[in-house]
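*Asks:* Predicted coordinates and the sequence they were generated for:
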Amino acid sequence: MKTASNPTPAALPDGIPSGKEYYERSLTVALLRARESTMRRFKKYSDASDLSPPQWRVLRALADGVPLDAGTLCQRCVILPPSLTRILRALSEKGIIRQVDCSDARRHMVTLTEHGQTMFGQLVGQSEDSRREIEEAFGEEKMSLLLDLLNELREITEALPPNA
């Protein structure tokens, strides 16, 4: 007899491994674990500057000096519009970004302030050792291949038809 502490395993279609192997070989779980493990090495830098990881992504997206609109920032930073609105407000209040005039009044264009540019440079400088350490441990060629494969995976999954 099965009890609440010993439930019957879920039935899986033929060819799909069960138990721990199913979980350990899950693409979504592997991606999340790799992200979390990697982010732990960098989070201390954004924390020290009182930035959340999404705020750091916006700062990084604006670092090349080209003003960007909210839609572009959402796409580049993988942030939903309501969250981006809060992030832009917080970064503006901290003096990190400023709004830029745009010929299309419907577009909200922002750029880094001088303070934001300085902060970005400091954060990149501080985090470079961590990035280099990971790349040396993993291997430069493997890191390059991983980034290429992840970008290819994203492109392929974005091109697939939507789930029903």
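*Replies:* Done, it's in.

*Asks:* going forward, measure contacts and count neighbours with C-alpha atoms only.
*Replies:* Noted.

*Asks:* Which secondary structure element of the protein has the lowest mean pLDDT?
*Replies:* helix 19-24 (a mean of 73; mean pLDDT, DSSP states H and E).

*Asks:* So which residues make contact with that one?
*Replies:* Contacts with helix 19-24, where a contact means CA atoms under 8 Å, 6 or more residues apart in numbering, come from Ile16, Val29, Ala30.

*Asks:* Could you export that helix as PDB, CA atoms only?
*Replies:* Extracted in PDB, the C-alpha atoms of helix 19-24 (Å, rounded to 0.1, in the frame of the first residue of the first chain):
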ATOM      1  CA  GLY A  19      13.400   9.400 -11.100                       C
ATOM      2  CA  LYS A  20      16.600  11.300 -10.500                       C
ATOM      3  CA  GLU A  21      17.900  10.800 -14.100                       C
ATOM      4  CA  TYR A  22      14.900  12.600 -15.500                       C
ATOM      5  CA  TYR A  23      15.500  15.500 -13.200                       C
ATOM      6  CA  GLU A  24      19.300  15.600 -13.600                       C
END
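
*Asks:* Distance from the chain centre to it, please.
*Replies:* Remark: helix 19-24 is offset 26 Å from the chain centroid, using CA atoms, centre = their mean, to the nearest Å.
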